[in-house]
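**Q** Build me a model from this:
(one chain, ligands or ions: 1)
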Amino acid sequence: MKSGSSGAMSDDYFRFMQDKMKQLEDTNNMLREKLVTIEREWHYYQDMRVRYERKIRDLNSELDKLRTPPLIIGTIINKIDDKRMVVQSSTGPKFVVSYSSQFIDASEAVPGAQVGLNQQSLAVVNVLPSAKDPSVHGMEVIESPNVDYSMIGGLSEQIEEIREVVELPLVAPERFERVGVEPPKGILLTGLPGTGKTLLAKAVANSTSATFIRIVGSELVQKYIGEGARIVRELFSLAKEKAPSILFIDELDAIAARRVEDGTSGEREVQRTMLQLLAEIDGFNPRGNVRIIGATNRPDILDSALLRPGRFDRIIDTPLPDTEARKEIFRIHTTKMKLKKNMELDNLAALTANATGADIKAIATEAGMLAVKGNKKAVGMEEFDIAIRKMMGDEHRKYINMKEMGVMFA
Ligand code: ATP
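**A** Sure thing, here's the model as predicted:
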């Protein structure tokens, strides 16, 4: 009896203990899960703390930077040794200043580079990066211009020549290597404004899938006084970066006119720009995939140094179009126009003696506009007549006569 009841008790106790153990195990599991969650959260907050600390450090250093006095901008003229260099400050005077080769990258600190100078000691604090955005300096950069040879009227000989000296070295450099011949480094296009020089350069860039980079000489010296030489350097480095590329320098005479020692600072500035241009041309590989094309309507005033072998050593002249060429240019600029059936392009060509390609384009556009204004269905001789009279008026005649008389104009 006693043993029976004690047996039942131990059963109960056993069950009680089992329940208790299960409860404890559950609690233990729950606590373990909680621990995992807490640990995870701890890691998360730890991460956050590190991130915020970093942010605070960044903001503090940003604040420090904002509190530092401004630097004076200067341009390196030349390096004296690995501790000192001659720098021209933006206000004009030149200084011998010190720099630490530990903080300044020697390959960046080249003559012409812009630097930040400490206000008091004028020590070089850093080398400023060159402006990467070409539009800042008025450069026109077109990855692939949409002009092809078929859009150029009448310049077949010039196209032939430019293909030979610009296109061939880019598309088949091995031909030059095989026979050990160096292609001309630079091409100079000469001719009146509007005779298709830019068009030729763009077409050759298109046919070689090269980037077309254009800069206008006169803008370079007028807009960026004191910076011409640096911009020329940047122009060439941009051309190398974008290679294969065609570097087109329009109005080359503005930076490369014959040197006259008049001692003015403007003259010195132009000279510096031109010397940099010569240095860049001399320093680059004629077999590389950058081609330079210069354009001018004043080849007579160019400095002869520029025309020496190994520089702009091939001159291609773009003449005024003859009758046949004018007809061809009219055809090009009227292909998209609806012309009246009786329109003869021969007549237009005959009526526009001495017109340039740009004049012809303007005539075609003007005639088209007149037809639109008059609500016509097609453009006819009537509109072209008015347009020709308007575009080839007295002014034009005077201009052409002057040229024929050999009077030079800028
Ligand atoms: P500038 O010296 O003023 O830069 P340019 O000789 O470079 O003049 P372009 O810019 O090539 O002249 O020509 C101006 C425009 O005239 C061109 O966009 C083109 O539409 C037209 N044009 C000039 N010549 C021709 C040509 N031979 N065939 C077809 N279009 C032409």
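
**Q** Show me what from the stretch 251-400 of the chain comes close to the ligand.
**A** For the stretch 251-400 of the chain, the contact set with the ligand under C-beta under 6 Å from any ligand atom comprises 295, 297, 329, 332, 357-358, 361. Yep, even glycine has a C-beta here, placed from its N, CA and C like the rest.

**Q** which residues touch the residue of the chain found nearest the ligand?
**A** Closest approach between the chain and the ligand, counting by C-beta to the nearest ligand atom: residue 357, at 2.0 Å. Counting by C-beta atoms under 8 Å, 6 or more residues apart in numbering, residue 357 touches 153-154, 194-196, 199, 321, 329.

**Q** Check which helix or strand residue 54 maps to.
**A** According to DSSP states H and E, residue 54 maps onto helix 2-67.

**Q** Can you tell me which helices and strands the strand or helix carrying residue 248 packs against?
**A** Per DSSP H and E: residue 248 is located in strand 245-250. Applying 3 or more C-beta pairs under 8 Å, 6 or more residues apart in numbering; DSSP states H and E, we find strand 245-250 packed against helix 197-207, strand 211-216, helix 228-241, strand 290-296.

**Q** Single out the most deeply packed of these.
**A** Highest mean neighbour count among those (mean count of other C-beta atoms under 10 Å): strand 290-296, with a mean of 27.

**Q** Identify each buried residue in the helix or strand following it, please.
**A** As assigned by DSSP H and E, the chain's next helix or strand after strand 290-296 is strand 312-317. Residues of strand 312-317 classed as buried by neighbour count (16 or more other C-beta atoms under 10 Å): 312-316.

**Q** Just send those back as a markdown table, with pLDDT too.
**A** Formatted as a markdown table, those follow (pLDDT from 0 to 100):
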| residue | pLDDT |
| --- | --- |
| 312 | 85 |
| 313 | 81 |
| 314 | 87 |
| 315 | 90 |
| 316 | 91 |
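
**Q** and stretch 188-196, which residues are buried?
**A** 188-192, 194-196.

**Q** Just the residues contacting the strand holding residue 248, thanks.
**A** Residues contacting strand 245-250 (C-beta under 8 Å, 6+ apart): 166, 197-198, 201-202, 204-205, 208, 210-217, 235-236, 239, 255, 277, 289-295.

**Q** Mind listing residues that contact the very next helix or strand once past it?
**A** For strand 245-250, the succeeding helix or strand toward the C-terminus, using DSSP H and E, is helix 253-256. The contact list for helix 253-256, computed with C-beta under 8 Å, 6+ apart, reads 216-218, 220-221, 228, 232, 249, 270, 273-274, 277, 294, 296-299, 301-303, 306, 410.

**Q** if we go to 6 Å?
**A** 217-218, 221, 273-274, 296, 298, 301-303, 306 (C-beta atoms under 6 Å, 6 or more residues apart in numbering).

**Q** any chance of the residues you listed in JSON lines, plus distance to residue 391 and pLDDT?
**A** Below are those laid out as JSON lines (distance: C-beta to C-beta, whole Å; pLDDT from 0 to 100):
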{"residue": "217", "distance to residue 391": "27", "pLDDT": "84"}
{"residue": "218", "distance to residue 391": "25", "pLDDT": "81"}
{"residue": "221", "distance to residue 391": "31", "pLDDT": "71"}
{"residue": "273", "distance to residue 391": "35", "pLDDT": "79"}
{"residue": "274", "distance to residue 391": "36", "pLDDT": "81"}
{"residue": "296", "distance to residue 391": "24", "pLDDT": "90"}
{"residue": "298", "distance to residue 391": "24", "pLDDT": "85"}
{"residue": "301", "distance to residue 391": "28", "pLDDT": "83"}
{"residue": "302", "distance to residue 391": "30", "pLDDT": "83"}
{"residue": "303", "distance to residue 391": "35", "pLDDT": "82"}
{"residue": "306", "distance to residue 391": "34", "pLDDT": "83"}
